[in-house]
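Peer 1: sharing a model prediction with you, sequence too.
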Amino acid sequence: MAERTPDLGGLGISGERPLLIVDVDEVLGLFMAAFGRFLETGGYEMRIDRYALFQSIFRPGAAEHLPVDEGKALFADFFRYGAADMEPTPGAAAALARLSPRADIVVLSNAPQPARMARARWLGRHGLDYPLILNNGPKGPLAAALAARTAHPVAFVDDLLSQLDSVQAAAPAVARFQHVADPRLQPLAPTAPERHLRLDDWTDLGCAIGEALFTRPPS
């Protein structure tokens, strides 16, 4: 269940400008690379041959991936102990800095609630100090609630096709963009360009977001 929909004013969002809602992992930050390094410190390994996080964690030499429950425990531990080591996605901070004078920006991340402060510190340290919302599950309902607070265009960026489809179903007027940061994952990621524009370079993505936010008429 998503956390209670926040008040835009409480987030420092005016509601009087276009709104960009943007994911963190594999969008603003290189999550899989950082998580892979964290796994190695515990004697595990990540094999990137599919776009499925918990089916990519192995004990060295094992033919089968780690049980999903054990993978989820390691995922939670990463946010407690290893998430600060994640590198930012090249070009992301600069692209958002170019958009921020004319648009409000909200970071919407599916991460464990205990990771809030660590995630906020990470964003601030990398020039991404925008209001942060933590979510659990489909992002469509929360994106729709945020979009309803402004009459101006809204855009949403995520790496996961399921989240993009969720936003399309809940808020079809929101412009949707897919971005997959890790080059190893790019050819593996499910995509649907007929529904969501995919741009894996932040320079191109920033330009496309700007066009969607600043040239479309208010809804």
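Peer 2: Everything's here; your move.

Peer 1: the helices in this protein, which residues?
Peer 2: 31-41, 68-81, 92-99, 116-125, 140-147, 161-170, 202-214 (DSSP state H).

Peer 1: what does the fifth one contact?
Peer 2: Applying Cβ atoms under 8 Å, 6 or more residues apart in numbering, the set of residues contacting helix 140-147 from outside is 2, 5, 8, 19, 21, 106, 108, 133, 135, 154, 156, 163, 165-171, 173-174. Every C-beta, even on glycine, is put in place using the N, C-alpha and C of the backbone.

Peer 1: how about the CA coordinates for stretch 30-46, as PDB?
Peer 2: Coordinates of the C-alpha atoms in stretch 30-46 are reproduced here as PDB (Å, rounded to 0.1, in the frame of the first residue of the first chain):
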ATOM      1  CA  LEU A  30      22.900   3.200 -10.700                       C
ATOM      2  CA  PHE A  31      21.200   0.800  -8.300                       C
ATOM      3  CA  MET A  32      22.100  -2.500  -9.800                       C
ATOM      4  CA  ALA A  33      25.800  -1.700  -9.900                       C
ATOM      5  CA  ALA A  34      25.700  -0.600  -6.200                       C
ATOM      6  CA  PHE A  35      23.600  -3.600  -5.100                       C
ATOM      7  CA  GLY A  36      25.900  -5.900  -6.900                       C
ATOM      8  CA  ARG A  37      28.900  -4.600  -5.000                       C
ATOM      9  CA  PHE A  38      27.000  -4.900  -1.800                       C
ATOM     10  CA  LEU A  39      26.200  -8.500  -2.500                       C
ATOM     11  CA  GLU A  40      29.800  -9.300  -3.100                       C
ATOM     12  CA  THR A  41      30.700  -8.100   0.300                       C
ATOM     13  CA  GLY A  42      28.400 -10.800   1.700                       C
ATOM     14  CA  GLY A  43      29.700 -13.600  -0.500                       C
ATOM     15  CA  TYR A  44      26.900 -13.400  -3.100                       C
ATOM     16  CA  GLU A  45      27.000 -12.500  -6.700                       C
ATOM     17  CA  MET A  46      24.600 -10.900  -9.200                       C
END
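
Peer 1: if we can go back for a sec, okay, the helices of the chain in JSON lines with mean pLDDT, distance to residue 190 and mean neighbour count next?
Peer 2: Formatted as JSON lines, the helices of the chain follow (pLDDT from 0 to 100; distance: least, Cβ to Cβ, whole Å; neighbours: other Cβ atoms under 10 Å):
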{"stretch": "helix 31-41", "mean pLDDT": "96", "distance to residue 190": "15", "mean neighbour count": "18"}
{"stretch": "helix 68-81", "mean pLDDT": "94", "distance to residue 190": "19", "mean neighbour count": "15"}
{"stretch": "helix 92-99", "mean pLDDT": "98", "distance to residue 190": "22", "mean neighbour count": "18"}
{"stretch": "helix 116-125", "mean pLDDT": "93", "distance to residue 190": "25", "mean neighbour count": "16"}
{"stretch": "helix 140-147", "mean pLDDT": "94", "distance to residue 190": "17", "mean neighbour count": "22"}
{"stretch": "helix 161-170", "mean pLDDT": "98", "distance to residue 190": "5", "mean neighbour count": "19"}
{"stretch": "helix 202-214", "mean pLDDT": "98", "distance to residue 190": "18", "mean neighbour count": "18"}
